[in-house]
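> kindly return the folded structure for what I paste below:
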Amino acid sequence: MTNHPEQERASYRFLWPPDWQHVGSCSSVKPRVCSCLQMWGRIFLSPKLLSRIHLTWSHRHLFTMQLKTKEFESLFTDGLKSLADIFEKHRFELRIAGGAVRDLLSGQRPEDVDFATTATPEEMKRMFQAAGIRMINNKGEKHGTITARVHNENFEVTTLRVDVQTDGRHAEVEFTTDWQKDAERRDLTINSMFLGLDGTVYDYFQGYEDLQNRKVRFVGSAAPRIQEDYLRILRYFRFYGRVASEPDQHDPDTLEAIQENASGLAAISGERIWVELKKMLVGNHAAHLLELVYELGLAQYIGLPAEGNVEEMKQVCQKAYGTSPKPVTVLAALFRSPDDVERLDLRLKISREEKTLGLFLVRRRRDLVKGQDEHDGLKPFTDFVIDSRELDAQSKVLELLKYQGEVKLLAELKRWSIPRFPVSGHDLRRLGITTGKEIGTTLQELRDVWKKSRYQLGKEELLSTISRS
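Numbers count the residues shown, from 1 in each chain. Below you'll find the model as predicted:
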């Protein structure tokens, strides 16, 4: 097999897991050298040591391995095969990039697949036009991204880039054909790998080793990576919750860099912050990471109250564990008043649904609680839903039950269907009740009787209570 240019200095490669196939073979190495390496490898070398030896020999610090999994093979639709043929025909390299490689190495099929190439945007446009391929969404072109529509699939392909200038939010880029230079500009080692369509993984910064060890590291030094885009602070937290097996196993230098650059988040748009924060809150170690947000002085820059109730938040996370609370449900524990919800919305531009949920939880978490009757603890919550005129009342109460840790009642409410109140204003008019005020009052009285019957009384039974009064 012919080596790619950056592999020429990395001929001696060692691969250890049983489901990886060797990229090259010992036939490319002198027999005596090969024999020696195999002997000492069998006797002494651990997988981690093999990785280090490879990286020592490779002047480009490139580690490669071969991926052959059903998740990877499932990506090869007619669209991708056609796309690959176009790039091969014009002698440009095309590789899967970033998060999709990380997911595939974790045994998952990625939801989104981004591609990187040595072709410039202009070269891609000429290729696609010659092949009759339609291009859509040209907004990404100035950043090097072309979106091609092939066999009813969209493929985002981005030219390899280097950052020329950054301001902590955006970067001015130049195009390159150097894969390592592009990898250097990425945020985390686990997101800096490439995957050739032949299954070859290209790893310049030990991303695969970090993924195996469930370690989250910035590419190079943390501080300059963060200063290129301060949102990377929250991306670090988000991926820590996704990858790390235990809380509080951070590199102290990384936390120091985050703390020193916290104020940079003030210039990041609220919408971008909210996207990352929501993902962090639904991942693992959410309570630990939110506590770190406060310890490192980030809260004031991302819309959270300076004096947030961290202890309540930790209790709520513990009580709600396994119930998949919404991000706002977790954050509500930090809030001491409705004003905190308003300030969050002002900074992060949360949705109307998210804001109303936050306000509901802060206002009702203490007074809307389970009933005294142990056999009917759900009744206060169902009564609230019945009386509410809001379509999402039941979903809000479900989040309240998660907040309160009422797992049994949560399961009951999920099974409960809102019953229909059987009496209407038309029924009362037939009984001679005609004024709007009297109809309204009577309907409410009948609704209270109906609730006390646990929603069992029918129309005739309820109307009969009027005739007796």
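
> tell me the mean pLDDT for the helix or strand containing residue 254?
Using DSSP states H and E, residue 254 maps to helix 252-260. The average pLDDT within helix 252-260 is 97.

> again, but for stretch 188-195
97.

> what does stretch 298-305 give?
Rounded mean pLDDT across stretch 298-305 is 97.

> can you give me the end-to-end span of that stretch?
Counting by Cα to Cα, to the nearest Å, you get 10 Å between the two ends of stretch 298-305.

> buried sites along the helix holding residue 254?
254, 255, 257, 258 (16 or more other Cβ atoms under 10 Å). To be clear about C-beta, it is placed using only N, CA and C from the backbone, and glycine gets the same treatment.

> ok, which pair from those residues is furthest apart?
255 and 257 (7.4 Å; Cβ to Cβ).

> the stretch 101-250 of the chain: helices as residue ranges?
121-130, 179-184, 207-212, 222-228, 232-243 (DSSP state H, counting those that start in this stretch).

> let me know the average pLDDT across the third one.
Looking at helix 207-212 alone, the average pLDDT works out to 96.

> now what about that helix, what contacts it?
48, 51, 63, 65, 102, 105-106, 188-193, 201, 216-217, 243 (Cβ atoms under 8 Å, 6 or more residues apart in numbering).

> and what of the longest one?
Residues external to helix 232-243 that are found in contact with it (Cβ under 8 Å, 6+ apart): 187-188, 190-191, 211, 214-216, 218, 225-226, 250, 254, 258, 261-262, 264-265, 273, 276-277, 279-280, 283-286, 289, 292-293, 298, 302.

> now, of those residues, which are buried?
By 16+ other Cβ under 10 Å, these give 187-188, 190-191, 211, 215-216, 218, 225-226, 250, 254, 258, 261-262, 264-265, 273, 276-277, 279-280, 283-286, 289, 292-293, 298, 302 as buried.

> re the thing from before, orientation of the helix holding residue 254 relative to helix 232-243 in degrees?
Computed by axes from the mean of the first three to the mean of the last three Cα atoms, to 10 degrees, the angle separating helix 252-260 from helix 232-243 equals 140 degrees.

> distance of residue 257 relative to residue 61?
Applying Cβ to Cβ, to the nearest Å, the value for residue 257 to residue 61 is 22 Å.

> now swap in residue 119 and tell me
25 Å.

> those two: who's more crowded?
residue 119 (25 against 17; other Cβ atoms under 10 Å).

> isn't the more buried one right up against residue 90?
Yes: counting by Cβ atoms under 8 Å, residue 90 is a contact partner of residue 119 at 7.2 Å.

> so what's in contact with those two at the same time?
Common contact partners of residue 119 and residue 90 (Cβ under 8 Å, 6+ apart): residue 127.

> tell me which strands and helices the helix holding residue 254 is in contact with?
Secondary-structure packing of helix 252-260 (3 or more Cβ pairs under 8 Å, 6 or more residues apart in numbering; DSSP states H and E): helix 222-228, helix 232-243.

> contacts for the shortest one, please.
By Cβ under 8 Å, 6+ apart, the surrounding residues in contact with helix 222-228 are 163, 166, 168, 171, 185, 187, 218-219, 232-233, 251, 253-254, 257-258, 260-261, 264.

> that older thread, now the element after the helix holding residue 254, going C-ward?
helix 270-281.

> now residue 363: closest residue in space, sequence neighbours ignored.
residue 338 (6.5 Å; Cβ to Cβ, 6 or more residues apart in numbering).

> tell me who's in contact with that neighbour.
359, 362, 363.

> just the buried subset of those, written out for ChimeraX, thanks.
In ChimeraX, this line selects whichever of those come out buried by 16+ other Cβ under 10 Å:
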select :359,362
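
> out of the contacts of residue 338, which one sits closest to residue 449?
Nearest to residue 449 among those, with distances taken as Cβ to Cβ, is residue 363, at 27.8 Å.

> quick one: that closest one from residue 235, how far?
Residue 363 is 33 Å from residue 235, by Cβ to Cβ.

> so in this protein, where's the weakest helix or strand by average pLDDT?
Sorted by mean pLDDT, DSSP states H and E, the helices and strands of the chain end with helix 47-57, the least confident at a mean of 35.

> just to revisit the earlier point, other residues contacting the helix holding residue 254?
217, 218, 221, 222, 223, 226, 233, 236, 292, 296, 297, 298.

> could you dump those into TSV with distance to residue 389 added?
Putting these into TSV (distance: Cβ to Cβ, whole Å) gives the following:
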residue	distance to residue 389
217	52
218	50
221	56
222	51
223	53
226	47
233	42
236	43
292	41
296	43
297	43
298	39
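
> ok, those residues vs residue 321, which is closest?
Nearest to residue 321 among those, with distances taken as Cβ to Cβ, is residue 292, at 18.5 Å.

> which ones are touching the closest one?
237, 250, 255.

> low pLDDT regions in the protein?
For the chain, residues meeting the criterion pLDDT under 70 lie at 1-60, 165-171, 467-469.

> what's residue 400 sitting at in phi/psi?
The phi/psi pair for residue 400 (degrees, to the nearest 10) reads phi -60, psi -40.

> quick check: longest helix of the protein.
helix 436-452 (DSSP state H).

> identify each buried residue in it, please.
For helix 436-452, by 16+ other Cβ under 10 Å, it's 439, 442, 443, 446, 447, 450, 451.

> ok, the fifth one to residue 148 distance?
Distance of residue 447 to residue 148, computed by Cβ to Cβ: 59 Å.

> try residue 179
From residue 179 to residue 148 the distance is 21 Å (Cβ to Cβ).

> cool, and residue 336?
Taking Cβ to Cβ, one finds residue 336 at 51 Å from residue 148.

> of those two, who's got more company?
Ranked by neighbour count (other Cβ under 10 Å), residue 336 and residue 148 place residue 148 first, with 23 against 12.

> just to revisit the earlier point, looking at the contacts of residue 338, which one is closest to residue 86?
Nearest member of the contacts of residue 338 to residue 86, counting by Cβ to Cβ, is residue 359, at 52.6 Å.

> now that closest one: which helix or strand?
helix 352-364.

> what's the closest non-adjacent residue to residue 74?
Nearest to residue 74 is residue 109, by Cβ to Cβ, 6+ apart, at 6.0 Å.

> surely that neighbour and residue 103 touch.
Yes: judged on Cβ under 8 Å, residue 109 makes contact with residue 103 at a distance of 7.1 Å.

> what's the burial count for residue 86?
19.

> three-state assignment of it?
helix (DSSP: H, G, I helix; E, B strand; the rest coil).

> tell me the contacts of it?
127, 128, 131, 133.

> next, count neighbours for the third one.
Yep, that's residue 131 we're talking about. 15.

> do you know how far it is from residue 300?
52 Å.

> with the second one instead?
Relative to residue 300, residue 128 is positioned 47 Å away (Cβ to Cβ).

> neighbour-wise, which of those two wins?
Set residue 128 next to residue 300 and count neighbours by other Cβ under 10 Å: residue 128 wins out with 20 against 15.

> and that one, what does it touch?
Contacts of residue 128 (Cβ under 8 Å, 6+ apart): 86, 134, 135, 146, 148.
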